[in-house]
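Asker: Fold the stuff below for me.
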Amino acid sequence: MIDKRCSSIAEAVADIGDGATVMVGGFGASGSPTELIHALIDHGARDLTVINNNTGNGEVGLAALIGNGQVRKMICSFPRSSQSKIFPELYKAGRIELELVPQGTLAERIRAAGAGIPAFFTPTTVGTVLAEGKETREFDNRTYVMEHWLQADFALVKAECADTQGNLTYNKTARNFNPLMCMAADVTIVQAGTIVPAGGIDPEHVITPGIFVNRVVEVAHPVHEDQLIAEGRSYP
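Answerer: Residues are numbered from 1 along each chain as shown. Below you'll find the model as predicted:
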């Protein structure tokens, strides 16, 4: 049996190189792997393409990674929210790229990659600028747009509990995009609040099987993005 534990978050992200495509789990602050993101900032990889539901909030986590100049392009559904300020400013200044994807389409593009489906058709963006340049087809007298899968070199994921073999459970809505991203990346890196011995998670409760996980690192008391923002914190 493979023990997938890493001794530190720095070790866990050490091979993420310049130009990598990185999926980052989370839905706003819920399920965001903040410690792994901060470790990636410390690591210094640049020219990254990041796939996430949004573009971060405040000056911590994903927003801090963007603000540190390490992200070349964002692929997301919500580039601006009530507490996002770094990405909108950089985008207006032409210093970062954006690929806007409707939320359901984003989830399905990630799921498709994990399932080995290179493309699919959806009616979501028909007749909008998001459909420009994309193939369309008619099915049952309705127009659909073809969307390609989204794959990544790495996925950064937050779990509630992991075992040493990488089987994962999540805390309620913190589950969100994380299971899909585990399946769609070449290397999945997980921070877990608790790591238990193999067999320590009831198989019926496993959400992400360990076959989709490469590394786990224990972060016993993870910070919460909303709390950091409320305290006026920034990183680094």
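
Asker: from memory Leu100 sits against Ser77, does it?
Answerer: Yes. Under the criterion of C-beta atoms under 8 Å, Leu100 makes contact with Ser77 at 7.3 Å. (C-beta placed from N, C-alpha, C; glycine too.)

Asker: For those two, indicate the residue with more neighbours.
Answerer: Taking neighbours as other C-beta atoms under 10 Å, Leu100 and Ser77 compare with Ser77 leading, 17 against 14.

Asker: Give me the phi and psi for the residue of the chain positioned farthest from its centre.
Answerer: Within the chain, Asn141 marks the point farthest from the mean C-alpha position, 35.8 Å out by C-alpha atoms, centre = their mean. For Asn141, the backbone dihedrals (degrees, to the nearest 10) come out as phi 70, psi 20.

Asker: Same check on Glu59?
Answerer: Dihedral angles for Glu59 - degrees, to the nearest 10 - are phi -130, psi 30.

Asker: Next, count neighbours for the nearest residue to it once chain neighbours are set aside.
Answerer: Sequence neighbours aside, Ser234 is the residue nearest to Glu59 in space, at 3.7 Å (criterion: C-beta to C-beta, 6 or more residues apart in numbering). Ser234: 13 surrounding residues under other C-beta under 10 Å.

Asker: Ser234 against Val60, yeah?
Answerer: Yes. Ser234 is within contact range of Val60, at 6.4 Å (criterion: C-beta under 8 Å).

Asker: show me the contacts for Gln83.
Answerer: Residues in contact with Gln83 (C-beta atoms under 8 Å, 6 or more residues apart in numbering) are 57-58, 229.

Asker: let's see 10 Å
Answerer: Contact analysis of Gln83 by C-beta atoms under 10 Å, 6 or more residues apart in numbering lists 28-29, 54, 56-59, 63, 225-226, 229-230.

Asker: How about Ala220?
Answerer: 192-195.

Asker: I figured Ala113 hits Ala184, correct?
Answerer: Yes. Between Ala113 and Ala184 there is a contact at 3.9 Å, judged by C-beta atoms under 10 Å.

Asker: what sits in contact with each of these two?
Answerer: 23, 149-152.

Asker: Before we move on, what's the pLDDT of the spatially most central residue of the chain?
Answerer: Most central in the chain under C-alpha atoms, centre = their mean is Val24, positioned 1.9 Å from the mean C-alpha point. If you check Val24, the pLDDT there is 98.

Asker: which residues touch the residue lying closest to it once chain neighbours are set aside?
Answerer: In this structure, Val24 finds its nearest non-sequential neighbour in Asn52, 4.4 Å apart by C-beta to C-beta, 6+ apart. Asn52 makes contact with 22-28, 32, 37, 61-62, 65, 71, 74-78, 106, 156, 177, 181 under the criterion C-beta under 10 Å, 6+ apart.

Asker: and Asn52, how far is that from Val101?
Answerer: Separation of Asn52 from Val101 (C-beta to C-beta, to the nearest Å): 11 Å.

Asker: Mutual contacts of the two, please.
Answerer: What both Asn52 and Val101 touch, as defined by C-beta under 10 Å, 6+ apart, is the set 75-77.

Asker: Could you point out which of those is nearest to Ile211?
Answerer: Using C-beta to C-beta, Ile75 comes nearest to Ile211 of those, at 25.3 Å.

Asker: element containing that closest one?
Answerer: strand 71-76 (DSSP states H and E).

Asker: That strand: which residues count as buried?
Answerer: Using 16 or more other C-beta atoms under 10 Å as the test for burial, strand 71-76 gives 71, 74-76.

Asker: Same check on stretch 218-232?
Answerer: 218-219, 222-223, 225-226, 228-229.
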